[in-house]
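Colleague: Pasting the sequence and the predicted coordinates here, then a few questions.
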Amino acid sequence: MTYQDVYEGWKADPDKFWMEAAEEVHWYRKPSKALFDDKAPIYEWFSDGLTNTCYNAVDRHVEAGRGDELAIMHESPITHATKGITYRELQTRVASLAGALKMRGVEKGDRVIIYMPMIPEALEAMLACARIGAIHSVVFGGFAAHELAVRIDDCTPKAIIAASSGLEPNRVVHYKPLLDQAIEMAGHKPEFCVIFQREQEVAKLIEGRDFNWHGFQYGVKPADCVPVEGNHPAYILYTSGTTGQPKGVVRATGGHLVALNWTMKNIYNIEPGDRFWAASDVGWVVGHSYICYAPLIKGAQTIVFEGKPVGTPHAGVFWRIIQNHRVKSFFTAPTALRAIKREDPKGEWIKRYRLHDLQALFLAGERADPDTIKWAQQHLNVPVIDHWWQTETGWAIAANPIGIEELPVKIGSPSVAMPGYEIDILDEAGHPVENGELGAIAIRLPLPPGTLQGLWNAEARFRKSYLDTFPGYYETGDAGIKDEDGYFYIMARTDDVINVAGHRLSTGAMEEVLAAHPDVAECAVIGVADELKGQMPLGFLCLNKGCDRDHAEIVSEVVRDVRNEIGPVAAFKLACVVDRLPKTRSGKILRGTMVKIADGQPFKLPATIDDPAILDEIRAALQGLGYAKE
């Protein structure tokens, strides 16, 4: 079947399509139908079925005779540790932790916060919660105490599972003091904490509240899987909100299982036993969907990587791991690839490794600029597939489904809508625009299985954030265009579409031009306030390692390039060279914060920022251009 056959088959009978997909996962009681729409515009999937995520991700593979196959491979270039865990070992470890949680009173529906680095125990904690029907909420390891406290108060966990520390290339990140501070600040107090002690740092435990990971499980009866309803929340994952208050995205169990299982073969071309690597973190949605759950649900091998794309120890570490573990499909963020490209513009590190098993590289998390895609295509010699999705959707909205049919790649586009998603480009009044016109990207309701069921204890906010702007649609918050072949181009967040003298322009289109300059490794464009034109674009350039050319010359060249490619209407005249860009830990550039600095507006320091000191460098660069006035 072609992609078109599959997509049209879904459109003709969505219930039949998803019920057939649901046959591939295990149910204790099969659902009577796929979609439950009695609470529209809030929809549910497979609500009356009974299932368990941990059983689907672990136990059923052991029972099928595949217990001795590797489930998890841990790679830490920081500690130089490599460890494999089979499905049978994973079952034993997860059942033991789940039993200990159960003995301490954690039951179906209770919340458990997980605050851990990239170690197998993070996945075990997630799966142990799923095993007994507890709802986990993973908070990125090392998050500030205040932000952790906000999440404790929002989801009111019965327990917190944490590690004593996380590891960066040159330092130990002390998790336990942050956890203690967060609990002190929070109004809600967890009943107990379980601490996984790492040999790099042994944390001080508080008597009566804190338990050592191993001692906590000693002599405990392993827990069986608890059947839960299809609409039972699997987890809460917090995403940053525009108000500064995080939004707790709720994922329901049944749809999550069915959708993720469907994606592994159809989007990533992964079968049971294949080796899949998503280079992300369990604190982000990619880590939930494609480090922990989807590969294990499919019966594949997943890689847990504690390191960085560069500096642990070099710009070839990704390729070494792909070679050594014979990775078939690799998934990372464009920002990771740009970091490697900046260190290794000629791809010398790639040539040192044999990547025979690699069939495709997948990019997501932010817009993939054409220059980075071309660099990867040239040096890796495999399809480089950009695909687009969000924390809220949990899996790809638009992709090139190589497991169904490898479609022609159009550089700059994440390709076409996946089954379940009917996408329109709308103007401000909510009317569809012509092909090729820039507008707000919206998805017709209902969203498919596996997408957000709502926000934790915040239905009014859920409606306001996603459903009210365009009735009958989910508002993505992204802006883009669709071409005559049905390919989508995600140009910017709607907040990043700037208005220059009445012309709506995409900062993403300008960034494409800047990134194509041979000396530019990475860039960002923001809109700054201008009395005459309303807004003016301003570019930030990070140069390739070893570039010693005059900065003014490079700026003059990119200004010329934007004028040639986009035209004088862009009014692009301002750019500066900086060493690095402010980003979240997941690699998203903090354009909104940069705009506020430029316009001299107050801003809240984003909780997810990787290194706050970068903002001082950005402010200094902006002041050099006459902006960021105090």
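Modeller: It's in. Residues are numbered from 1 along each chain as shown.
Colleague: how about the longest helix out of those in the chain: buried residues?
Modeller: When the chain is parsed with DSSP state H, its longest helix is helix 87-103. Under the neighbour-count criterion of 16 or more other C-beta atoms under 10 Å, helix 87-103 has 87-102 buried. (Each C-beta comes from the backbone N, C-alpha and C, glycine too.)
Colleague: Equivalent analysis for stretch 144-159, please.
Modeller: 145, 147-152, 154-159.
Colleague: Lowest-confidence one in these?
Modeller: Lowest pLDDT among the buried residues of stretch 144-159: Glu147, with 84.
Colleague: Could you pull out the strands in the stretch 401-550 of the chain for me?
Modeller: 416-417, 423-426, 439-444, 452-455, 473-482, 488-493, 497-500, 503-506, 520-530, 534-543 (DSSP state E, counting those that start in this stretch).
Colleague: Compare these and give me the one nearest His256.
Modeller: Nearest to His256, of all these, is strand 452-455, at 9.3 Å by C-beta to C-beta.
Colleague: So what touches that closest one?
Modeller: 42, 44, 231, 233, 247-252, 255, 392-394, 461-462, 465 (C-beta atoms under 8 Å, 6 or more residues apart in numbering).
Colleague: Specify which member of the buried residues of stretch 144-159 is nearest to Gln378.
Modeller: Each of the buried residues of stretch 144-159 was checked against Gln378 using C-beta to C-beta; the closest is Glu147, at 40.2 Å.
Colleague: Without its sequence neighbours, what residue ends up closest to the closest one?
Modeller: Leaving aside its sequence neighbours, Glu147 sits nearest to Ala607 (C-beta to C-beta, 6 or more residues apart in numbering; 4.0 Å).
Colleague: Also Trp277?
Modeller: Ile303 (4.1 Å).
Colleague: before we move on, back to that, tabulate the strands of the stretch 401-550 of the chain in CSV, adding columns for mean pLDDT.
Modeller: CSV is the format used below for these (pLDDT from 0 to 100):
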stretch, mean pLDDT
strand 416-417, 98
strand 423-426, 97
strand 439-444, 96
strand 452-455, 96
strand 473-482, 94
strand 488-493, 85
strand 497-500, 77
strand 503-506, 72
strand 520-530, 92
strand 534-543, 93
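Colleague: quick one on the thing from earlier: can you report how many residues neighbour the residue nearest to Glu147?
Modeller: For Ala607, the neighbour count with other C-beta atoms under 10 Å is 19.
Colleague: Could you list the domains of this protein?
Modeller: According to automatic domain parsing, the chain comprises the domains 87-226, 501-624.
Colleague: that older thread, is it true that the residue nearest to Glu147 lies in a helix?
Modeller: No: Ala607 is assigned coil when assessed by DSSP: H, G, I helix; E, B strand; the rest coil, not a helix.
Colleague: Thought Phe140 was touching it, still the case?
Modeller: No: taking contacts as C-beta atoms under 8 Å, Ala607 lies outside contact range of Phe140: 9.0 Å.
Colleague: Relative to Leu407, which of the domains of the chain is closest?
Modeller: Proximity to Leu407 (C-beta to C-beta) singles out domain 501-624 among those, at 21.0 Å.
Colleague: Leaving out sequence neighbours, find the closest residue to Tyr627.
Modeller: Computed as C-beta to C-beta, 6+ apart, the closest residue to Tyr627 that is not its neighbour in sequence is Ala598, at 4.4 Å.
Colleague: Sort out which residues of the helix or strand of the chain with the lowest mean pLDDT are buried, please.
Modeller: When the helices and strands of the chain are scored by mean pLDDT, DSSP states H and E, strand 503-506 comes last with a mean of 72. The neighbour-count check on strand 503-506 (16+ other C-beta under 10 Å) flags 505-506 as buried.
Colleague: Please list the residues outside that strand that contact it.
Modeller: Defining contact as C-beta under 8 Å, 6+ apart, one finds that strand 503-506 is touched by 438, 479, 491-492, 496-499, 537, 566, 569-570.
Colleague: Next: stretch 376-391.
Modeller: Here stretch 376-391 has contacts from 237, 239, 249, 267, 284-285, 334, 337, 347, 350-351, 355, 358-364, 368, 373, 395-400, 402, 406, 409, 412-415, 476, 478, 488, 490, using C-beta under 8 Å, 6+ apart.
Colleague: Let's see that with 7 Å instead.
Modeller: With C-beta atoms under 7 Å, 6 or more residues apart in numbering as the test, stretch 376-391 has contacts from 237, 239, 249, 285, 337, 347, 350, 355, 358-364, 368, 373, 395-400, 402, 406, 409, 413-414, 476, 490.
Colleague: do the same with stretch 298-313
Modeller: So stretch 298-313 is contacted by 61, 66, 70-78, 117-120, 123, 167, 169, 261, 264, 270, 272-277, 279, 291, 295-296, 317-318, 321, 325, 336, 339-340, 343 (C-beta under 7 Å, 6+ apart).
Colleague: Now for the residue nearest to Asp68 when sequence neighbours are not counted, how many residues are close by?
Modeller: Excluding the flanking residues, the one nearest Asp68 by C-beta to C-beta, 6+ apart is Thr86, at 5.4 Å. Look at Thr86: counted by other C-beta under 10 Å, it has 18 neighbours.
Colleague: Surely Thr86 and Ile72 touch.
Modeller: No: Thr86 is beyond contact range of Ile72, at 8.7 Å (criterion: C-beta atoms under 7 Å).
Colleague: picking up where we left off before, touching, the residue nearest to Glu147 and Ala145? I think so.
Modeller: No: contact criterion C-beta under 7 Å: Ala607 and Ala145 do not qualify, at 10.7 Å.
Colleague: rewinding a little: so which of the contacts of strand 452-455 sit within strands?
Modeller: Using DSSP state E to define strands, the subset of those located there is 44, 233, 247-252.
Colleague: can you tell me which two in the residues you listed are farthest apart?
Modeller: Glu44 and Lys247 (19.2 Å).
Colleague: Could you report the neighbour count for the closest residue to Ala399 other than its chain neighbours?
Modeller: Closest residue to Ala399 apart from its sequence neighbours, by C-beta to C-beta, 6+ apart: His387 at 3.7 Å. For His387, the tally of surrounding residues (other C-beta under 10 Å) stands at 23.
Colleague: Could you pull up phi and psi at His387?
Modeller: Dihedral angles of His387 (phi, psi; degrees, to the nearest 10) stand at phi -140, psi 160.
Colleague: Any figure for the gap between it and Gly299?
Modeller: Remark: distance between His387 and Gly299 (C-beta to C-beta, to the nearest Å) = 22 Å.
Colleague: Next, work out how far apart the nearest residue to Leu438 once chain neighbours are set aside and His61 are.
Modeller: Distance criterion C-beta to C-beta, 6+ apart; nearest residue to Leu438, sequence neighbours excluded, is Ile481 at 5.5 Å. Between Ile481 and His61 the computed distance is 43 Å (C-beta to C-beta).
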